[in-house]
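>>> got a predicted structure here, sequence first:
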Amino acid sequence: MANLTDVGEHDGWRCWLCDEPVDSEMSVNDSRGPSIDSMTTKSKGKNKSSTDVFGAERLAHRDCNTKKGAVAPVVEWPDRLFVVDPAPIIGSVERLARKGGREVVARCPSQEDATDAADWLIDRLSRLTPDLSFSTQIDSGGGQFLLVLNS
């Protein structure tokens, strides 16, 4: 197991689950204090673990880590974005890291909504998976805009 300071510095003292700052000086017993999320969940398929993409240990608030428990992690889309049928971010990233290609991750009612969601997603992925490179594209069709994530 890694040192809390090493994990915190690697993740820039941000919770990998909620993307909010983590105070390194706060008690580890405080709900917003730092903790290490030791990711041990297994992905379906070729028995690859999520640690292949996200790293074995990540920084999380104690509450975020406790809430996640021993189940697969979930990175939420923010409520401020207008997205319909958003894909689970963790699953999409794992599939694209493993297979490459492209995946539709959300539908948006307007070009502006899709652009806002694309900007947020690329920014979030830059911290979530700093070793992977992703891009987005927006495809229009059927009166909506599809947000596509490319690896």
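Alright, I've got the coordinates.
>>> and this structure, what are its domain boundaries?
What the record gives for the chain is the domain set 4-68, 89-150, from automatic domain parsing.
>>> nearest to D79, of these?
domain 89-150 (11.6 Å; CB to CB). Just so you know, the C-beta spots here come from the backbone N, C-alpha and C atoms, and that holds for glycine as well.
>>> check which element follows the lowest-mean-pLDDT helix or strand in the chain along the chain.
Every helix and strand in the chain was compared by mean pLDDT, DSSP states H and E; the lowest is helix 51-54, with a mean of 64. Heading C-terminal from helix 51-54, the first helix or strand you meet, by DSSP states H and E, is strand 57-61.
>>> need the pLDDT of N47.
pLDDT recorded at N47 is 47.
>>> report the angle between the lengthiest helix in the chain and strand 57-61.
Across the chain, the longest stretch assigned as helix under DSSP state H is helix 111-128. If you take axes from the mean of the first three to the mean of the last three CA atoms, to 10 degrees, helix 111-128 sits at 120 degrees to strand 57-61.
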